[in-house]
Every structure is written in C-alpha cells, then in structure tokens.
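Chemist: what shape does this take:
(one chain, ligands or ions: 1)
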Amino acid sequence: MHRRHFLKTAAMATAASMCVSRGGAAPQADAFIEIMADEGLGEISPLLYGQFTEHIGGVIYDGLWVGEHSKIRNYHGLRAELVDHLKKIHVPIVRWPGGCFADSYNWRDGVGPLAKRPRHANFWEVEPDAQRLHEQGPQIFEPNEFGTDEFVRFCQSIGAEPYLAANVRSLPSLEFDHWVEYCNSPAGSTSLAELRAEGGSHDPYKVRWWGVGNESWGCGGNFLPEDYASEFRRYSTWIPSFGVDLQLVGSGPNDNDLDWTHRFFENIFGSNHPYDNRHFKGWSVHHYAAHGEQALRFEDSSWYQVLKECDYVEQIIEDQWSVMGQYDKEHRVRLVVDEYGPWYMEGTELDPTHIFGQQVTVRDALATALTLDTFNRHPEKVCMGTNAQLVNNINALFLCHEDKFLATPNYHVFGMYAVHQGGQALRANFSAPNIHFNHEGKSSTLWGLNGSASRKANVITVTAVNADAHSPKLTRLKLRGMNIQQVTGTALFAADMHDHNTFEDPTAVQPATLRADLSGGEVNVTIPAGSLVKLELTVG
Ligand code: AHR
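Modeler: Modelled structure (predicted):
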C-alpha cells in the first residue's frame, strides 16, 4: 500500500474509533453544528460554482485546447480528459477570455477560417513571469486558434453557460454590440450570423452573461470610478438583445475597495441623471490571497494565514453589499466574485510556459471550500462565482502538460460541493475553539470550524472545513425542525499538509468515505485535521 494511502486509512480508523460511545454515553464533543431546517436563506445560485479561463500561460494552449490534429485525445481540439472530468462536476458557467487579456482582445481575430486568423502580441507578454519564454510561443504571440466558436463549443460540451468579458479599454462600444450580434443574432439574420454559421453554428449562442470590462481600475483602463461609470453607461446602453435577457456585470473593486463602489454606484444610481438599465445584474469582485511564498514551501503559520486571507471574502461580500444597497435600494445588482483563490510565487509551475502556474495542495482545497461555503451562506448577495483559473494557473482544478494530465484537490472540492447547486441555503451554526497563530510576528485568529448547509427535497447537505491542521474535531450535529433518518459522509484531507497530486501519483489527495454515526437523532462524526467534509442527511 502506498505510504499516503496507509496514513489516510489509519487516520480514518482513528477518527472512526473516536466516534464509538463508551457505555452508551455520548462522547464529549470538541465542536458543534446546528442546522435550522426551516430557516431558509434563499436559493443557492448554481452559477456560484463556475470557472474562469483566460488566454494566459498554459490555460488555453496546452490546457484546454490541444488542437484537432494533436496526438492528445481531443474533441474537436478540446482536451478530452479535461472535458470528461468537467462533465462529472456540473460546471454551470465559464468566464472567458479574461481577465486582463479581455481588454486587449479583439473578438474578430478569433472568428472565421483558422488559416486567416491573425497573430498578435498577448497581453501577458509584459509579465515578468513571461520573460523566461524568451519571446516565443503562443503564450507570447496569440495565434487566435481558440476563439468565440471554440469557447462556446467547449461550454456546450460540458453543459455550461458562457460568460464573456468585453473589451472596454481598447475597442469602441460598437464592437461590443457586434460581438453580441455575432453570438446572438438569429440564423441568417445578419452578416455576423452568417460568419458564425461558417464557424460552425447556424443557431445563435444565446449568450446571456457579459462583463463590461475587467478590473477597469487597473489593467482594464486605469479608470477613475466616475470615468468608468460613464464608459459603463455608454457600453451598456442599447446593446442588441435578440430576445436574450442580457445580464451585464460591471467591473467592481480591487479587493474590498469601498471607494470605487461608492463612486461608481453614486454615478449610476445616485446622480441627478440616474441610469436605469434592467440588464445591469452583477458587480464583479476579485479577491486573491496573494502570498510571497511558493505553493509547496510553507509551515503552519502560512497554512492558517492563507486560509484567513481567503476567508476575508466574507467581509468583502458584506461590506460591498452594504455600500451597493445605499444606492441600489432594491438590490437589483448582486455580487459576482469572478476571480478568487490563493496566489503564490512562481516556482511550482509544471512547465515554463505556464505563467502563474502553481501546484495545488490540500490547503488550497480548504481555501476553495471555505470560499464556496461563504458564497452558500449569502445566497441573496452573491449570484455567481468563477474560480481563477480552471487549468495550469492560479487555483487550478487541473494541471496538464502535453499528454500528461491530473485533477488537483480543487477538482474534488467542486465535485463534493456540486450538490449545493440550486439547493435552499439553511441557517447553520458551526462552533469550535478558535485557532491562534503567529504570522510574520503578528498574532492572529481564525475560526476552527465553519461551513454551510442546504436542502434539496429530503436531503440536507452540510459541508464544513476543519482549519486546524493538527487536531481532528469530534463533532456533534443537531438538526432543528426535522428528523435525520440516515447520514453518509465524505472527507478530503491528507497525511501531510503539503500533499498534492502529481503525474506520478495523481490520486494522492482524493475524497474518502467518512464514518458518521447517527444516534439519538444526532450525528457524531470526527472531522479529520485539516480537512473538508460533506455530510448528507436524509431527513423526514
Ligand atoms: O487571473 C490572473 C489575473 O488576475 C487576471 O487576468 C486579472 O483580472 C487579475 O488581476
């Protein structure tokens, strides 16, 4: 048996034996979960479980696109293994083509016959990480082999909706209208619909979600919020809709910059010329836990610090929501967290071409899980989330190079959590002793256990993260308002906090069955140290 598998099995056995009550008395619990079955918080939008893909490093080329003539198994150029995996986890939406790349991208370069598509310098050519590529390759000179048709086909093949980001920095607003027309005008109705048909689709793509720029405070134009508000008005006024209920996403703050949100919303809703656009539905937020270390080189304090930085997304959601509500009184606009994840220093990318590529450990899986739990707890505020990024990049679900491919622990998180999509979020309390740690000379605190719960028909799903890297938590779960009839459990954890999947050992970190005991109407379960777990309660 592989060493890690042995340790994992041993840990499960210890966890299970701790659940056995002595002499019939319930064991002493370290942690408690209380779920209110009749206190719904709102429907968890399936779109919270989306992904982000950008023309950067190995995301598109070498990642999801290998080309039709590749020796690597593919579906019309799309990496087959990646498509097959994604089908299993129900990805609802994918964002493309950026990111910063979007505001330097001309969608026309990526449509029409492949042989005629132009080559242009990629936005990321200037990135210091790109210096190692010595001005060579598709990461530097964008070949436009992968464009709108290829992206939409990718989405269709995995059952996801496309979410496109328009270029506000360097294309006129008419080009935004025309991109919408290319995607959505009825078969044969416009010259662009005919061009789309040549690209493989008579039928319109009916793209609903459109970002109006990306990071317009930075790479998307370095605008002041007032100026971006004017651009937003211009780009979003009278876009052709072709019967599609367009959902426009404004480029929101850098992290929790409240000033950007105040000044933008003031200029849209609060000015003496209010702008009432019913398609304005989303306000984009990006939150990275940027860390000055490599993904695999860390100690306890960094484990906790990264989780704490990711956990800050809850504060961002609450603060931004409160500012938005001062202007958008009915809260017609909801939050779209379309970039998030821990971001480390270069050094663990699997190939030099993978700009921002990094390994993904069990710590990153916990960071992703706690972010998804946070979204679930705020279903009225957050309508979409897209993880940055799908493959060979910051917080990837997959790492691949040429014919080698693996699913990271993050992939398993999305697999375990998919069942929350469309469920009714339930109010829940998670309590365990706080964790106190010291990071770079500063003392800090993080909760010990946190999570979320949702209900679909007669199944309540509870997901939780035990942030404590060393102590399992003997946890008692009570359900208020309904009876638990049956419980099953799944856990993702590792013997060592640095564990990750490699081409040699692609299943080192993967979900395992977790024993959970139902007695006296309550569940007793030992949540392993440094783990994320899912409990599925059949209720009556
Ligand atoms: O995800 C990488 C980059 O991070 C994106 O292009 C940009 O939007 C953000 O700054």
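Chemist: ok, for the residue of the stretch 251-400 of the chain found nearest the ligand, nearest residue in space, not its chain neighbours?
Modeler: Per C-beta to the nearest ligand atom, Ala388 is where the stretch 251-400 of the chain lies closest to the ligand, at 4.4 Å. For every residue, glycine as well, the C-beta is placed using N, CA and C. Once flanking residues are discounted, Ala388 sits nearest to Glu339: 4.1 Å by C-beta to C-beta, 6 or more residues apart in numbering.
Chemist: who touches the one residue in the chain that gets nearest to the ligand in this structure?
Modeler: Closest approach between the chain and the ligand, counting by C-beta to the nearest ligand atom: Gly99, at 2.8 Å. Gly99 sits next to 52, 54-56, 165, 214, 339, 388-389 when contact means C-beta atoms under 8 Å, 6 or more residues apart in numbering.
Chemist: skipping adjacent residues, who's closest to Tyr61 in space?
Modeler: Tyr61's closest residue in space is Pro138 (C-beta to C-beta, 6+ apart), at 4.4 Å.
Chemist: how about Gln320?
Modeler: Nearest to Gln320 is Thr261, by C-beta to C-beta, 6+ apart, at 5.7 Å.
Chemist: hmm, the one you found is touching Trp321, no?
Modeler: No - contact criterion C-beta atoms under 8 Å: Thr261 and Trp321 do not qualify, at 9.7 Å.
Chemist: looking at the two, which has the bigger crowd around it?
Modeler: Per other C-beta atoms under 10 Å, whichever of Thr261 and Trp321 has more neighbours is Thr261, with 24 against 20.
Chemist: put the alpha carbons of stretch 335-344 into PDB.
Modeler: Output in PDB follows, covering the C-alpha atoms of stretch 335-344 (Å, rounded to 0.1, in the frame of the first residue of the first chain):
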ATOM      1  CA  LEU A 335     -22.200  40.300  -6.400                       C
ATOM      2  CA  VAL A 336     -20.200  38.200  -9.000                       C
ATOM      3  CA  VAL A 337     -17.000  37.000  -7.400                       C
ATOM      4  CA  ASP A 338     -15.400  36.100 -10.700                       C
ATOM      5  CA  GLU A 339     -11.700  35.700  -9.600                       C
ATOM      6  CA  TYR A 340     -10.600  34.200  -6.300                       C
ATOM      7  CA  GLY A 341      -8.000  31.800  -4.900                       C
ATOM      8  CA  PRO A 342      -4.600  31.600  -3.200                       C
ATOM      9  CA  TRP A 343      -1.900  33.000  -5.500                       C
ATOM     10  CA  TYR A 344       1.800  32.000  -4.800                       C
END
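Chemist: remind me what the strand ranked longest in the chain packs against, helices and strands.
Modeler: Using DSSP state E to define each element, the chain has its longest strand at strand 31-43. Packing partners of strand 31-43 (3 or more C-beta pairs under 8 Å, 6 or more residues apart in numbering; DSSP states H and E): strand 424-431, strand 449-456, strand 459-466, strand 473-480.
Chemist: contacts made by that strand with the rest, please.
Modeler: Strand 31-43 has contacts (C-beta under 8 Å, 6+ apart) with 377-380, 422-432, 448-449, 451, 453, 455, 460, 462, 464, 466, 473-482, 527, 537, 539.
Chemist: try stretch 102-112
Modeler: Under C-beta under 8 Å, 6+ apart, the answer for stretch 102-112 is 54-55, 97-98, 117-118, 120, 123, 142, 144, 146-150, 165-171, 175, 179, 182, 195-196, 198-199, 211, 213-214, 216, 219-221.
Chemist: residues contacting Asn167?
Modeler: 102-107, 175-176, 213.
Chemist: 10 Å instead?
Modeler: Asn167 sits next to 97-98, 101-107, 173, 175-176, 179, 211-214, 220-221, 235 when contact means C-beta atoms under 10 Å, 6 or more residues apart in numbering.
Chemist: for it, phi and psi?
Modeler: phi -90, psi 110 (degrees, to the nearest 10).
Chemist: from Gln136, how far out is it?
Modeler: Plainly put, Asn167 is 25 Å away from Gln136 if you go by C-beta to C-beta, to the nearest Å.
Chemist: what do you get for Ala457?
Modeler: 55 Å.
Chemist: again, but for Lys473
Modeler: 51 Å.
Chemist: neighbour count for those two, which is higher?
Modeler: Lys473 (26 against 9).
Chemist: ok, for the more buried one, nearest residue in space, not its chain neighbours?
Modeler: That would be Ala31: by C-beta to C-beta, 6+ apart, it lies 4.1 Å from Lys473.
Chemist: any idea what the one you found is bridged to?
Modeler: Beta-bridge partners for Ala31, by DSSP bridges, are Thr475.
Chemist: circling back: following the longest strand of the chain, which helix or strand shows up next?
Modeler: strand 50-52 (DSSP states H and E).
Chemist: what strands line up against that next one, and which way round?
Modeler: strand 93-96 (parallel), strand 382-388 (parallel).
Chemist: so which residues of the stretch 251-400 of the chain form strands?
Modeler: Counting by DSSP state E, counting those that start in this stretch, the stretch 251-400 of the chain has these strands, from start to end: 280-290, 334-343, 382-388, 398-401.
Chemist: these into a markdown table, with extra columns for mean pLDDT?
Modeler: Shown next, in a markdown table, are the strands of the stretch 251-400 of the chain (pLDDT from 0 to 100):
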| stretch | mean pLDDT |
| --- | --- |
| strand 280-290 | 97 |
| strand 334-343 | 98 |
| strand 382-388 | 98 |
| strand 398-401 | 98 |
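Chemist: next, format those strands as CSV and append distance to Leu514.
Modeler: Below are the strands of the stretch 251-400 of the chain laid out as CSV (distance: least, C-beta to C-beta, whole Å):
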stretch, distance to Leu514
strand 280-290, 27
strand 334-343, 25
strand 382-388, 24
strand 398-401, 25
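Chemist: residue ranges with poor pLDDT in the stretch 51-200 of the chain?
Modeler: Along the stretch 51-200 of the chain, no part satisfies pLDDT under 70.
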